[in-house]
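In: have a look at this fold, sequence not included:
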């Protein structure tokens, strides 16, 4: 009887184990399918600086449901610094200057996998532009020089060089790198000058001029530098959020963000370089700050048909303060309205908008509950979409993966 019980029990345990393995396998398959089915992603922050952790979470739908980190979060902490990552076709790229690594990554079964990392200390990256699906040009500063690296992402190889731009003026020791945009074999790069002496912070020296380097690609020679004295800092680093775009007419638009360089006086102004031209359009100027109660513009997304959304920062001596979302008409240079969304708290470095099917999907870090809102310009209607739950402190990026 004991032997029968032993064998019966053994058979039963074997069957249970088989079922468990099958169940586990199905669960893993389901998780993998869920990862594959996520068409969008979010970079999320938990905690307060310096005790923070960063995650990439999949978003199956922008318009419904909830997102948490439970079973849905690849931790980035320790592999990449924070939200200054570049995503294209489901792969993530990051240059970690402090560790001397440039890497390519992807998320698999809620783990951030390393595809390839290479030694890289040439520059501290700020901005980038894709010139084709396999080539990203990175811009940054290194050894008080404005430098670039041309990265081939299929095999992670780089060629590097220096840009011959305006000389550093007296009293300044750093290049301030802003927007980067590629159009018609030219790279347009916003830049200016700053100081690393924070003895008198928040008051800092301001060089009252902003520049755009016009760079021939692939030669990477600087044809000229355009200048304007009405504002400073043509955008911030676009590894965090965009501040420029090329529209349906091939016209290039970009907006300044003086506060990024601790200039709290100069306005945010929008500029245009017409298709076929490499000069500032002297017939066009939109003073966004004058139209918006002195607010500044750290980020901007084109949504089509001559309209764009600006994530604006309230006026004051802080780069991390309350933000709003405004709808602007880029062709006429006019503020249409402030969107009726909750106040967006704190953090300036947020890639908050996905544009798809003529609609804008806007992530808002509200005081209570955080949603992605859908704005339909055809109906001028705002609708709540997916909600973020479970102790997430900041939505830092939302992106379409494919």
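Out: In hand now; what should we look at? What you see is a predicted model; the values in this text were computed from it and never measured.
In: low-confidence ranges in this protein?
Out: Low-confidence segments of the chain (pLDDT under 70): 1-37, 81, 346.
In: how about the helices of it, start to end?
Out: 2-37, 288-291 (DSSP state H).
In: tell me how many other residues surround residue 114.
Out: 11 (other CB atoms under 10 Å). In this view, the C-beta of every residue, glycine as well, is placed from N, C-alpha and C.
In: in contact with it, which residues?
Out: For residue 114, the contact set (CB atoms under 8 Å, 6 or more residues apart in numbering) comprises 79, 103, 104, 105.
In: closest to residue 40 among those?
Out: Distance to residue 40 across the contacts of residue 114 (CB to CB) is lowest for residue 105, with 17.1 Å.
In: next, count neighbours for that closest one.
Out: For residue 105, the count of nearby residues is 22 (other CB under 10 Å).
In: so what's it bridging to?
Out: residue 92, residue 114 (DSSP bridges).
In: from what I can see it touches residue 111, true?
Out: No. In this structure residue 105 lies outside contact range of residue 111 using CB atoms under 8 Å: 10.1 Å.
In: if we can go back for a sec, what's the closest of the contacts of residue 114 to residue 181?
Out: residue 104 (22.8 Å).
In: surely the closest one meets residue 156?
Out: Yes. Using CB under 8 Å, residue 104 is in contact with residue 156, at 5.7 Å.
In: how about the contacts of residue 114, which pair is most distant?
Out: 79 and 104 (11.4 Å).
In: make a ChimeraX selection of the buried ones in the contacts of residue 114.
Out: Buried residues among the contacts of residue 114 (16 or more other CB atoms under 10 Å), as a ChimeraX selection:
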select :79,103,104,105
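In: now the contacts of residue 114 as a markdown table including distance to residue 186?
Out: Output for these, formatted as a markdown table (distance: CB to CB, whole Å):
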| residue | distance to residue 186 |
| --- | --- |
| 79 | 34 |
| 103 | 29 |
| 104 | 27 |
| 105 | 30 |
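In: which single one of the contacts of residue 114 is nearest to residue 345?
Out: residue 79 (27.0 Å).
In: so how far is residue 101 from that closest one?
Out: 9 Å (CB to CB, to the nearest Å).
In: span of stretch 291-310 from start to end?
Out: 12 Å (CA to CA, to the nearest Å).
In: and for stretch 115-132?
Out: With CA to CA, one end of stretch 115-132 sits 20 Å from the other.
In: buried set for it?
Out: Here stretch 115-132 shows 117, 120, 122, 123, 125, 126, 127, 128, 129 as buried, counting by 16+ other CB under 10 Å.
In: ok, of those residues, which one's closest to residue 55?
Out: Closest to residue 55, out of all of the buried residues of stretch 115-132 and judged by CB to CB, is residue 117, at 19.8 Å.
In: OK, contacts around that closest one?
Out: 101, 102, 103, 104, 156.
In: go again with 10 Å.
Out: 79, 94, 96, 99, 100, 101, 102, 103, 104, 105, 156 (CB atoms under 10 Å, 6 or more residues apart in numbering).
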